[in-house]
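S.K.: need coordinates for the below:
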Amino acid sequence: MTQRMRHALPHLVMLMVSALLYWAAMQIDTRAAEGGRRIGPDFWPKLVIMVMGALCLYEVVKRLVVKSNFTAEGLTGELHHNPAEPAPAAGEATPAAAGVAQATGQQPAQLEYPGRLLAGIAVIGAFALGVDWLGFFLATALFLAAFMLIGGLRRPLLACAIALAGSFALIVIFMRVAYISLPLGVGPFREISLALLRLLGVS
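M.R.: Now for the predicted structure:
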């Protein structure tokens, strides 16, 4: 087996898995979609599977037909330090310099944040336990804000603004586009959720 074929093999396997998953999605009962007047329960699984299959097909064609090993790095490809951290002071090693040091046999210091990792896990657990009590909107907003602050964002007001906007966008997507019911919360939190749904025109 050639090296290109070995690189393409995982994508070929996932392409076949995508075909099987799409076949399984076609068995979903769509009778509750009100005669085609709204998105059925099969729409989103099929969409995700189609995107996955298209990406796998792209990788296979890239490796076997175009014969390219290019790997996209995105916007982070040109970054020389974590944007959530202060810029390295003069004399400190950047990742590029660290690569040079590694090539010469010197091992650069690796930064680890076990406290942030544990805090992130705790926030995820708190979200899972508290979403039924707080409601999806408030729980998601708190989760996003906390996760950004734990990750190193040092602007609390910006984190709160992004969290509120992100939570609101998810509510719109889930309840106005995908027609997915979400937890409303209890007590005063439920009233906040109901007021938000009235604002969105969701009955």
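S.K.: where does this structure dip in pLDDT?
M.R.: Low-confidence segments of the chain (pLDDT under 70): 1, 31-38, 41, 68-111, 203.
S.K.: tell me where it has helices.
M.R.: 3-25, 43-64, 95-103, 114-134, 136-151, 156-172, 188-200 (DSSP state H).
S.K.: closest to Ala178 out of these?
M.R.: Closest approach to Ala178 among the helices of the chain (C-beta to C-beta): helix 43-64, 6.1 Å. No exception for glycine: its C-beta is placed from N, CA and C like everyone else's.
S.K.: go through the helices of the chain and name the closest to Tyr179.
M.R.: Among the helices of the chain, helix 43-64 sits nearest to Tyr179 (C-beta to C-beta), with 9.7 Å.
S.K.: how about that closest one: buried residues?
M.R.: By 16 or more other C-beta atoms under 10 Å, the buried positions in helix 43-64 come out as 43, 49, 52-53, 56, 59-60, 62-63.
S.K.: for those residues, give me a markdown table that also has distance to Leu182.
M.R.: As requested, the buried residues of helix 43-64 are exported to a markdown table (distance: C-beta to C-beta, whole Å):
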| residue | distance to Leu182 |
| --- | --- |
| Phe43 | 18 |
| Ile49 | 23 |
| Met52 | 25 |
| Gly53 | 29 |
| Cys56 | 31 |
| Glu59 | 35 |
| Val60 | 38 |
| Lys62 | 39 |
| Arg63 | 41 |
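S.K.: and which of those is nearest Ser193?
M.R.: Nearest to Ser193, judged by C-beta to C-beta, of the buried residues of helix 43-64 is Phe43 at 24.9 Å.
S.K.: ok, how many other residues are close to Leu12?
M.R.: Neighbourhood size, Leu12 [other C-beta atoms under 10 Å]: 16.
S.K.: that one: what's its closest spatial neighbour, skipping adjacent residues?
M.R.: Ranked by C-beta to C-beta, 6 or more residues apart in numbering and with sequence neighbours excluded, the top spatial neighbour of Leu12 is Val60, at 5.8 Å.
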